[in-house]
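**Q** Provided below for reference: sequence and predicted model.
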Amino acid sequence: MLLTRIKGPRDLDRLSQEELNQLAAEIRSFLVDAVSKTGGHLGPNLGVVELTIALHRVFDSPKDKVLFDTGHQAYVHKLLTGRQDFGNLRSKGGLSGYPSRAESDHDVIENSHASTVLGWADGLAKANEVLGREDHHVAAVIGDGALTGGMAWEALNNIAAAKDRPLVIVVNDNERSYGPTIGGLANHLATLRTTDGYERFLARGKDLLERTPVVGRPLYETLHGAKKGLKDFIAPQGMFEDLGLKYIGPIDGHDIDALESALQRAKRFSGPVIVHCLTQKGRGYEPAEQDEADRFHGIGPIHPDTGLPVSTAAASWTSVFADEMVKLGKERKDIVAITAAMLQPVGLKRFADAYPDRIFDVGIAEQHGATSAAGLATGGAHPVFAVYATFLNRAFDQVLMDVALHKCGVTFVLDRAGVTGDDGASHNGMWDMSIMQVVPGLRLAAPRDAEQLRAQLREAVEVKDAPTVVRYSKGVVGPAVPAVGRIGGMDVLRTPASEVTRPDVLIVAVGALAPMCLDVADLLDKQGISSTVVDPRWVKPVDEALAPLADGHRVVVTVEDNGRTGGVGAAVSQALRDAGVDVPLRDFGIPQRFLDHATRKEVMAEIGLTAPDIARQVTGLVAKLDGRYESEPAATVD
């Protein structure tokens, strides 16, 4: 096999055109076989095989910087840079599903949030200029989907301002992000794809006119001098050239020779160049090519021959939300939905099918989505903006200043909240409950099970004068966790097994961690430590009934699937201080560090967010209190 002989990019230099095509076929076969076992981003990588080979043939990585926006299409890049052990892809100790500096000097940026690569490329090109590195080049690969993001156009505006600063921008145009790319840019690129092209038109015209006596050559020169107008008429790439960016393309993104030729021309140019490549997501694997939803963008383990899942997934948090949104849409005509290019992943496809006039895909533009939602709310609709928790980080200012300041009734539904695991640091939704705590008037719900997700979503869309947030985990939703009582707006999930004057521990269980908190209570009970478990349901604002309830316990423990800094534990602690309740509080949550990829269970064990770990620490805290009270009855513990 040719692939096993590739230990680094320069090994590609020795291969003939025929061998390069053979290598491309081997890579596709390898990807289907490997990713079908582990799961991962299959479709995007099948689409960039020839493009990645050409990039590494033309550019000298790592001296030259080859950058990938989002990074989910970097599997081929990994293979060509010596990383061919995909046995533990996206698992603990195995390769990351994205570029990783810890893995290779060829990986420059680890961004897996879209539309950022051009900003990186602009900075790297500026560094080359400032430091006089004329033999260093920067090539940035960005998809047509990522070009819908505002950050990309902010970067393009700056890149185009320096007409003599070399930088190659490769637009990987497969008409998709997760699903089909939408909006004005998509229409423009579609025009470029389907136009015969200025260069071929001019070549044919030159051949014809030069055979025309007397007037032929002068007329050709006149036409050539008017090429900008002709280009806009024949192949309207003027949007790029009006910015000051040289445009090459469209190029067949599966023709290695054509790609190399275009990239070589772009590399030699002394300013910024866009190379527009047409690729097919999922290319070469029939099940992916026939998948209209997302061309196997991201998959779990599958049967490689059929593309069918190895096992049938149980009901997920996302599917519960999806069903309830359809019901809400039927009941209320003012309910509309917003997605940032992730219709299928966030569960809005069913709503879109049922109510196609009430779904808005804003592209990869979370900031715009949030502000557009404020406009929709002001206009009388109630928008539900469904987005991964980690991606709402990008729209914080809009949530704060556009939605909350204007008291707009907008509901943000955060999928994949908390530890997500195998997608690594950038996809853990561990910041939302901390970030949203500072937004005045915002109300935040963390449902513990499917029934509560349905109920709290309905409660959220009833709020007309403030933003609401409903957040839930990735994956399978667990069994129902029934309440045994209600105190204020909080559900009581467990009371002490035996009557005591003052129970030892009040456990505040946040969202999907409620079952684990009940396990903690069971373990404490075996140690003779009495406990009450409550689910606050709405964690912001802190329920007024919590402070007096806490005052009736010796210790308060909060458990959340969110960063400890500024999270629910911090908010509860502040609420207790404000109420004059002097009870020791211990908050359990995610440490404020970037977490390596592994399964959710492995990550939770690593950070000590398990029932045995929590029970052990709480037992130690209670024992410490017992010892101190015996010797110093008047003392308090912080």
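**A** Here it is on my side, so go on.
**Q** how about the helices in the stretch 101-250 of the chain?
**A** Here the stretch 101-250 of the chain has its helices, by DSSP state H, counting those that start in this stretch, at 117-130, 150-159, 184-194, 198-209, 216-225, 227-234, 238-241.
**Q** now do the stretch 451-600 of the chain
**A** Going by DSSP H, counting those that start in this stretch, the stretch 451-600 of the chain shows helices at 514-526, 546-551, 568-578, 600-606.
**Q** Make JSON lines from the ones you listed and add mean pLDDT, mean neighbour count and distance to residue 489 to it.
**A** Every C-beta, even on glycine, is put in place using the N, C-alpha and C of the backbone. As requested, the helices of the stretch 451-600 of the chain are exported to JSON lines (pLDDT from 0 to 100; neighbours: other Cβ atoms under 10 Å; distance: least, Cβ to Cβ, whole Å):
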{"stretch": "helix 514-526", "mean pLDDT": "96", "mean neighbour count": "20", "distance to residue 489": "15"}
{"stretch": "helix 546-551", "mean pLDDT": "97", "mean neighbour count": "19", "distance to residue 489": "9"}
{"stretch": "helix 568-578", "mean pLDDT": "96", "mean neighbour count": "19", "distance to residue 489": "14"}
{"stretch": "helix 600-606", "mean pLDDT": "91", "mean neighbour count": "17", "distance to residue 489": "28"}
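**Q** wait, which of those helices is closest to residue 22?
**A** helix 600-606 (38.5 Å; Cβ to Cβ).
**Q** Which helix or strand lies directly C-terminal to that closest one?
**A** helix 611-631 (DSSP states H and E).
**Q** what's that next one in contact with?
**A** With contact meaning Cβ atoms under 8 Å, 6 or more residues apart in numbering, helix 611-631 is reached by 504-505, 516-517, 519-520, 523-524, 527, 529, 554-555, 557, 559, 584, 586, 588, 605, 608, 635, 637.
**Q** Compute the inter-axis angle for that helix and helix 514-526.
**A** 40 degrees (axes from the mean of the first three to the mean of the last three Cα atoms, to 10 degrees).
**Q** Spit out the contact partners of residue 561.
**A** 417, 418, 419, 430, 473, 510, 511, 512, 513, 589, 590, 609 are the contacts of residue 561 under Cβ under 8 Å, 6+ apart.
**Q** Burial check on the fourth one, number of neighbours?
**A** Right, the one you point to is residue 430. A total of 27 residues lie near residue 430 under the criterion other Cβ atoms under 10 Å.
**Q** Report pLDDT for it.
**A** Looking at residue 430, its pLDDT reads 89.
**Q** follow-up on the earlier one: ok, of the helices of the stretch 101-250 of the chain, where does mean pLDDT dip lowest?
**A** helix 227-234 (a mean of 41).
**Q** Go through the protein and flag its longest strand.
**A** When the chain is parsed with DSSP state E, its longest strand is strand 555-563.
**Q** Would you pull up how far it lies from the middle of the chain?
**A** Strand 555-563 has its C-alpha centroid displaced from the chain centroid by 25 Å (Cα atoms, centre = their mean, to the nearest Å).
**Q** what angle sits between that strand and helix 568-578?
**A** 140 degrees.
**Q** quick one: contacts of stretch 124-137?
**A** In contact with stretch 124-137 (Cβ under 8 Å, 6+ apart) are residues 59-60, 63-65, 67, 108, 138, 159, 162, 165-168, 267.
**Q** so where's the stretch 451-600 of the chain shaky on pLDDT?
**A** Along the stretch 451-600 of the chain, no part satisfies pLDDT under 70.
**Q** ranges for the strands of it?
**A** According to DSSP state E, counting those that start in this stretch, the stretch 451-600 of the chain carries its strands in the segments 468-471, 485-487, 490-494, 505-509, 531-535, 538-540, 555-563, 585-590.
**Q** Please identify which of those is closest to residue 95.
**A** strand 585-590 (23.6 Å).
**Q** Surely residue 515 touches residue 481?
**A** Yes - in this structure, residue 515 is within contact of residue 481 by Cβ atoms under 8 Å, at 6.0 Å.
**Q** between these two, what contacts are shared?
**A** Counting by Cβ under 8 Å, 6+ apart, the contacts common to residue 515 and residue 481 are residue 448.
**Q** And residue 27, how close does it get to residue 21?
**A** Separation of residue 27 from residue 21 (Cβ to Cβ, to the nearest Å): 11 Å.
**Q** Between the two, point out the one with more neighbours.
**A** Applying other Cβ under 10 Å to residue 27 and residue 21 shows that residue 27 carries more neighbours, namely 25 against 17.
**Q** shouldn't the more buried one be in contact with residue 3?
**A** Yes - using Cβ under 8 Å, residue 27 makes contact with residue 3 at a distance of 6.3 Å.
**Q** Overlap of the contact sets of the two?
**A** residue 79.
**Q** give the contact list for the nearest residue to residue 575 once chain neighbours are set aside.
**A** If the residues on either side of it in the chain are set aside, residue 575 comes closest to residue 542, at 4.0 Å by Cβ to Cβ, 6 or more residues apart in numbering. Contacts for residue 542 were tallied using Cβ under 8 Å, 6+ apart; they are 536, 571, 572, 574, 575.
**Q** wait, residue 260 sits on residue 58?
**A** Yes - between residue 260 and residue 58 there is a contact at 5.8 Å, judged by Cβ under 8 Å.
**Q** Any chance you could list what contacts the strand or helix carrying residue 265?
**A** Using DSSP H and E, residue 265 maps to helix 256-268. With contacts defined as Cβ under 8 Å, 6+ apart, helix 256-268 is touched by 17, 20-21, 24, 50-51, 53-55, 57-59, 137, 139, 166, 168, 170, 246, 248-249, 251-253, 273, 275, 277.
**Q** Going by neighbour count, which residues of it are buried?
**A** Buried residues in helix 256-268, defined by neighbour count with 16 or more other Cβ atoms under 10 Å: 256, 258, 259, 260, 262, 263, 266, 267.
**Q** now stretch 148-158
**A** Result for stretch 148-158 [16+ other Cβ under 10 Å]: buried residues 148, 149, 151, 152, 155, 156.
**Q** hmm, which two among those residues are most spread apart?
**A** 148 and 155 (13.5 Å).
**Q** give the contact list for residue 350.
**A** Shown in contact with residue 350 (Cβ under 8 Å, 6+ apart): 322, 323, 325, 326.
**Q** What values do phi and psi take at it?
**A** Torsion angles at residue 350 (phi, psi; degrees, to the nearest 10) stand at phi -70, psi -40.
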